[in-house]
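> the following block contains a protein sequence and its predicted model.
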Amino acid sequence: MTIMEATKKQSRGDKPTEPLVFEKHVPGAIGVDFPPLDVSETKVPEHIAGGCTTLPSFGQHDVMAHYTHLSDRNFSVDGNFYPLGSCTMKHNPRINEWGAALPGFACLHPLQDEEDIQGALRLLYETRTMLEEIAGLHEVSLQPAAGAHGEFTALKVIRAYFADHGQPSRSVVLAADTAHGTNPASCTMCGASVETVRSVNGQTDLAHLKEVIAHVGAENIAAFMITNPSTAGLFDANIKKIADIVHEAGAKLYLDGANMNAMLGRVRPGDFGADAMHYNTHKTFSTPHGGGGPGSGPIAVTAELAPYLPVPQIMMADDGSFYLDRDREKSIGKVRSFIGQFGVLVRCWAYISACGPKGLRNVSDTAVLNANYLAARLCEKYSMPFFDPKNGKFCAHEFVTVPQDLLDKGVTLIDIAKRMIDYGVHPPTMHWPMHDCLMVEPTETESKQALDSFVDVMLQIADEISSEIELVQQSPLESDISRADEVAAARKPVLAFK
Amino acid sequence: MDYTQLNTVQRQEMFDTIGIQSIDELFDVIPAEIRCEDGLDLMPALSELELQRAMAEMASHNRGAHDMPCFMGCGAYDHFYPALIDQLISRGEFLTSYTPYQAEASQGSLQAFFEFQTQIARLTGLDIANASLYDGATAVAEAALLSTNSTRRKEVLVASTMHPEYIAVLRTVLSDVDITITMLDATDGTIAPSTVEANMSDAVAGVIVQSPNIWGQIEDWDGCFTEAHKVPKTACIAVFNPIACGMLKTPGECGADIAVGEGQPLGNALNLGGPYLGLLAAKEAYTRKMPGRLVGMTTDEDGRRVFCLTLQTREQHIRGAKATSNVCTNQGLMAMRASMFMTTLGSDGIKEMATQSWHKAHYLASEISKLDGWKIKYDGPFFNEFTVDCPGEVTKVVDFCKSKGVLPGVAAAGRRMQGLSTKNELIIAVTEKRTKHEMDALVAILREVSV
């Protein structure tokens, strides 16, 4: 067997397996060089000298080749339909990248004097006010680094508010049974305990909400964390009633803003009674997900909660200049170093500015239209518990299917998902928020052709389950690798190359 | 432009398929009294050309490391990184992918993150690392929680010489979870092992010491951690600078159990403070308590070596309130940049950067110490950053230097540094990027300011 045949055999298709950088090390080879030292040397005392000597290196061309080969093994929004529910995998405009990379933004040190960074501070201030308007809330903090960090920060703000108002016992947070896992985890980080509120048909069960409040005791409740539209992709028609119930209990309504893409310019969280919320700029405002970050999780709160927001806060002075307020007496303090995810917020500013008010509304209108179109075309083969357009039951920007008929034929949900990979489609969110469900969020930036192709793929897979079920059961058949053994990975974790 | 793609005809076809007359029907579920009927009060949309102009205009109102030699540090450094990083990281396959939950569609990201984890483990001299956290400050807080969760103890000892913002974030994070912070006082700008000894008890979960510390001084990790380890199971947490690991003893060599730090120096731009990345490495014993995403090596059904996210039962999306942390999003793209940086430089390149920074910082310190009235504040060893006592008001020094086109360092006094000091101290950082010419110019300016 030739070398070429041998490497080919290691992989599916034509791609050889990419060795790890540690296996490519060429002693003495370098990827980049340095100018000679231009000052005299100072001896390093022996008791502190040491250092890592085991990082591999090789030539620059092979560095390029390595990462180009790796990039070839990734699905992405640029290259694939990526309908991951609740993650809002929309197009990432490159003008945003262009702006963030301008040296006048990228080369600023976070501890510089405010007078030297007025342009950057203006951008932050404008982002702050735009997000306040979109939320319909009094004040936004740009400090949190991601959505979960925003939850944590806002819960701290709410707890600080109650502590300051003589109600430190309010340490229980209610969360929907369909909440993102970050909701309860953020509560724990804030020293709050969590009580679960049931959902019925993907919406909050009002009776159960009242029951839980009575059971826990209204005086012990800090907040109810709700995602609206819910994680099942449904706008909660009772949202105003829910807000009233929560407020009657003296607690705050927290909106998990993960699904803001369904509401822009249609309804504002502040107008339906939310007291605090977070955004995920990497969902709603097109900042790239980057394989898992960076995100940014600005929070918006009512006037009564605003004094407790983290420092620093971006402000405009009477003379129109911008500054960072670091002296807020009641602030919960700092939640992240320096002044937040600035580079991400540049992209966020660019996106909101590109869309404008009408464009943002069209973003949500189109996101909701696309989701309903897919649901309408797929609901015959993929049963949908909440979607019934003939009776006026639509979805928001995403929908849930529990394809029981197909599962009953002898495939698992994972089989279906992995078969989608064969067709170049990234699988939707699975098994969440319900068991055996797929949650599909197409976003507004997909073309009708892309939506129709996705429908073709899904119907083809449904046909295959009837006619050639092994194809689905054995999938993925076309991807770089067959199914990864995740059980073995967790049983005996190998987290570093030895 | 809102980046949607449907034309009127297509919209009508879609309405027909759904069985609606207008888009408004899809929003009927929203009660009329809460609808946003008047539209949002925002500036009208800008075209791409206008966006380019507007952003270029705002950027032009900023002065920074792009147009002034930058001697500022304190947690963010103006280091060199190769041009190929910006090029590679812009590949849409990396930029526009999500967290690699689907291993079969994400081997590229997964392998890169696995390589990152291994590189960070090696750089720190520890066994494992996660796939990144938000930044250095939140990484310190996560490390503190890792120590308390692992030991069920309720106190952490924290070096008062740590970055004041890291201390501030740590205070915020620990304020509602019944964990006590005990500050370790400094002696001559560092923490004496005897101070650790004096504060140790079996209530202490972790001891956190940063080196080089906020003054630039190299701490005695060895000595401090030896004292801390006299109480079994105490987690010794080293807050490190990744570039320093190129030439100074690594956290692992000094007995650390956990190492955390700011990863910005590894190939990430200054970005006015973010996005950066938090680094977290640890001994293997902490594997199942680690916060954040972890990539593991495994095999596929055909026996190929492949990678997948692992130990997800620690994480919030499975474990909810009992998760090891609420962190979900990490700093994937920044971690990938850091990994590309380490791959391009290797140990030799990082050592070169570290060594050049060392020699240049020592050259500049020596030249400044020759100036009348200027004094290097501490006698202990430093790496690429040092503190000087200015002969006059530090803000005036900074302003004068800026008027001459140099960012001379960070003033230790004031709210920006969380009240670190009230004295006229300037903290000066020197990376490999600074030239002898720039340093000599700074010295000349300082000479001028003092007369």
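That came in fine, so what should we check first?

> how near is the nearest residue to A:Ile221 once chain neighbours are set aside to A:Ile352?
Leaving aside its chain neighbours, A:Ile221 sits nearest to A:Ala251 (4.3 Å; criterion: Cβ to Cβ, 6 or more residues apart in numbering or on different chains). For glycine as for every other residue, the C-beta is placed from the backbone atoms N, C-alpha and C. Using Cβ to Cβ, to the nearest Å, one gets 31 Å for the distance from A:Ala251 to A:Ile352.

> buried ones in the helix or strand hosting B:Arg447, by neighbour count?
Using DSSP states H and E, B:Arg447 sits in helix B:436-450. Buried residues in helix B:436-450, counted by 16 or more other Cβ atoms under 10 Å in any protein chain shown: B:438-439, B:441-443, B:445-447, B:449.

> okay if I get these as TSV plus distance to A:His208?
Output for these, formatted as TSV (distance: Cβ to Cβ, whole Å):
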residue	distance to A:His208
B:Glu438	67
B:Met439	68
B:Ala441	70
B:Leu442	67
B:Val443	71
B:Ile445	69
B:Leu446	69
B:Arg447	74
B:Val449	69
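
> filter these by proximity to chain A?
For chain A, the contacts drawn from the buried residues of helix B:436-450 by Cβ under 8 Å from any Cβ of the partner chain are B:Met439.

> for the buried residues of helix B:436-450, which one is nearest B:Ala103?
B:Glu438 (48.0 Å; Cβ to Cβ).

> quick one: contacts for that closest one?
Going by Cβ atoms under 8 Å, 6 or more residues apart in numbering or on different chains, B:Glu438 touches B:69, B:406.

> how far away is the residue nearest to A:Ile221 from A:Val216?
According to Cβ to Cβ, A:Ala251 stands 10 Å off from A:Val216.

> in its sheet, what does the lengthiest strand in chain A sit against?
Ranked by residue count, the top strand of chain A under DSSP state E comes out as strand A:221-227. Here strand A:221-227 has these sheet partners by DSSP bridges: strand A:172-176 (parallel), strand A:252-256 (parallel).

> all helices for the stretch 201-350 of chain A, in order.
A:206-216, A:239-248, A:281-284, A:342-378 (DSSP state H, counting those that start in this stretch).

> where does the chain have low pLDDT?
All of this refers to chain A. Chain A contains residues with pLDDT under 70 at A:1-16.

> the chain in question should be chain B.
Scanning chain B for pLDDT under 70 picks out the ranges B:450-451.

> and the closest residue in space to A:Asp244 that isn't next to it in sequence, how many neighbours?
Using Cβ to Cβ, 6+ apart and skipping the chain neighbours, the partner closest in space to A:Asp244 is A:Gly273 (7.1 Å). Using other Cβ atoms under 10 Å in any protein chain shown, A:Gly273 has 20 other residues around it.

> please apply the same query to A:Val26.
A:Val26 is flanked by 12 other residues according to other Cβ under 10 Å.

> and for B:Asn241?
25.

> correct me, but it touches B:Pro212?
Yes: between B:Asn241 and B:Pro212 there is a contact under Cβ atoms under 8 Å: 6.0 Å.

> what are the ranges of the strands in chain A?
Under the criterion DSSP E, strands of chain A are mapped to A:139-141, A:172-176, A:193-197, A:199-200, A:203-204, A:221-227, A:252-256, A:276-278, A:299-301, A:313-316, A:322-325, A:399-401, A:429-430, A:438-440.

> give the bridge partners for the nearest residue to A:Glu486 once chain neighbours are set aside, please.
The spatially closest residue to A:Glu486, leaving aside those adjacent along the chain, is B:Cys308, at 5.2 Å (Cβ to Cβ, 6+ apart). Residues in a beta bridge with B:Cys308, per DSSP bridges, are B:Gly296.

> for B:Cys308, list the residues it contacts.
A:484, A:486, A:489, B:100, B:103, B:110, B:295-296, B:298.

> looking at those, which is nearest B:Ile23?
Each of those was scored against B:Ile23 by Cβ to Cβ, and B:Pro100 proved nearest at 35.2 Å.

> isn't there a strand covering that closest one?
No: B:Pro100: not assigned to a strand; according to DSSP: H, G, I helix; E, B strand; the rest coil it is coil.
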